[in-house]
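Participant: Here's my sequence, what's the structure:
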Amino acid sequence: MKRKLTLLLSAAVASSCFSGTVYGASFRDINDVPWSGAGAVINNVADLGLLSGYEDGTFRARNNVTYCEAVQMLYTTLLKTGMAQPLQAVDSYRYTSFLNTYRVPKWAHIAVSYCLEKGILTTADIMKFTANGKSNPATREDVAKMFGNALAVRYDVDGKSSSAAEFSDYWRISTEAMPLVDLLKRLGIVSGDNNAFKPKEPINRAEMAVMLNKTYEVLTQGIGSTGEITQVSQNDGKYFFFDIKMDVTGYTESYHA
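Facilitator: Down below sits the predicted model:
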């Protein structure tokens, strides 16, 4: 079990290491979004530099996100929150031949190489990225796996996946992805659509904006959580020991004071 006692402090330090660059999002089609309120989230993540629009000034919120685009957005978010250090070009060369074989575009090589290096992606995952020379749209489940693997270095993965099992279509989520979807649900990064996760459907740019925004918030601001004290003990009158079952993770954490 990992300890998370320094999460809020470390997140605050990480967020202070970046300059206040403003990207000033102003998309011509910002009102053409899948649901009310999506525009504000899209503008926010664009201002943070986590994603951008098209050269014609549009965002195209309903467009599907490709696997390569999803990896690039995740990598950018990890960099901007201090969760990742830039991968040097020389370190990505070992993957060049493999990525070229599966026609991963050059602009995505660094991001994909980083994710391969850190175990966020596997070589088997890359086989889904393109078909007949064209980039494939990423499924909601596969994007959740990427984000879950990236966040698992900081947060515990619960094999019981009880939170993910609350989705009405949880049975459609693969066994491999289930614990990672569960992690994202506990962190508030995914919530589903009318209580359905729809794992095999493509993720669109508006949905991706929400995931990026919530991931950024978790990594820079930490997570607020309450819990139930399940046990208190005292040692020689000097220290109190507390066992607390945390609401967000579901795990019991031990503290002393």
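
Participant: Three-state assignment for Leu79, please.
Facilitator: The three-state assignment at Leu79 reads helix, by DSSP: H, G, I helix; E, B strand; the rest coil.

Participant: Make 15 the first number, not 1, from now on.
Facilitator: In the new count, where the first residue is 15, that last one comes out as Leu93.

Participant: distance of it from Ile203?
Facilitator: Distance of Leu93 to Ile203, computed by CB to CB, to the nearest Å: 18 Å. Backbone N, C-alpha and C define where each C-beta goes, glycine included.

Participant: And those two? Which one has more around it.
Facilitator: Ile203 (22 against 18; other CB atoms under 10 Å).

Participant: Surely the more buried one touches Asn227?
Facilitator: No: between Ile203 and Asn227 there is no contact under CB atoms under 8 Å: 9.2 Å.

Participant: At which residues are the strands of the stretch 15-164 of the chain located?
Facilitator: 144-145, 148-149 (DSSP state E, counting those that start in this stretch).

Participant: which neighbours does the last one have in its sheet, and in what orientation?
Facilitator: Meaning strand 148-149. Sheet pairing of strand 148-149 (DSSP bridges) gives strand 144-145 (antiparallel).

Participant: Quick one: mean pLDDT for the partner strand?
Facilitator: Mean pLDDT, strand 144-145: 94.

Participant: ok, now stretch 224-238?
Facilitator: pLDDT averaged over stretch 224-238 gives 91.

Participant: Any buried residues in it, and which?
Facilitator: 224-234, 236-237 (16 or more other CB atoms under 10 Å).

Participant: Max pairwise distance over those residues: which two?
Facilitator: The span of the buried residues of stretch 224-238, defined through CB to CB, is set by Val224 and Gly236 at 19.0 Å.
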